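S.K.: generate coordinates for the sequence data below:
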Amino acid sequence: MKGGEVIYRDWRPDDPVGDITAMLHAAYRAHALMGFNFTAADQDDATTLQRLSSGRSMVAEMNGRIVGTITLHGPQAADMCLWYREHYSFEQFGVHPSHQKLGIGRELLRRTEERAREAGARELAFDTSEGATDLCRWYAKMDYRFIKHLSRNGKTYRSVILSKALID
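M.R.: Okay, the predicted model is just below:
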């Protein structure tokens, strides 16, 4: 289902949460099959809605269908990790497999970085499984660097925090 103009916009509460959940499940399926229990791989609609509502979420839409999403957060005072208490971060970032390798993820990330910069962020961070080497390589190409390891309750993997400086 490739083809058509991609529209990047803010997530709206009337967007179909079930469709976004299904898109995220598809986007994370390959990593779930590798044993990584990423939240987005099997979250329910209530979790999708909570995560979309918890920050500034953006979607990529093509032919009337949401094919990608990302959520930006400011510093999170209650996070167990000091890095997230001091810096902006993103989560729930995914592009449907049928639309990957078209630059949609790269553009969602670029726009999120720009939003963070405009809000005064000096860094933008996230965490992923250290075993998801394909993701780690992709983010390295996007100028994200290793900060530290992190273990999150309930996860079957050790995470790496990757971060990118947004100002010179």
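
S.K.: helices and strands around the longest helix anywhere in the chain, which ones?
M.R.: The helix that spans the most residues within the chain, counting by DSSP state H, is helix 17-33. Under the contact criterion of 3 or more CB pairs under 8 Å, 6 or more residues apart in numbering; DSSP states H and E, helix 17-33 touches helix 39-42, helix 45-53, strand 65-73, strand 88-95. For the C-beta atoms, the positions are set from N, CA and C on the backbone; glycine is no exception.

S.K.: pLDDT of that helix, averaged?
M.R.: Mean pLDDT, computed over helix 17-33, is 97.

S.K.: repeat that for stretch 133-145.
M.R.: Computed over stretch 133-145, the average pLDDT equals 96.

S.K.: could you check how far residue 23 is from residue 99?
M.R.: Between residue 23 and residue 99 the computed distance is 9 Å (CB to CB, to the nearest Å).

S.K.: in stretch 118-126, what counts as buried?
M.R.: Neighbour-count burial for stretch 118-126 flags 121, 123, 124, 125, 126 (criterion: 16 or more other CB atoms under 10 Å).
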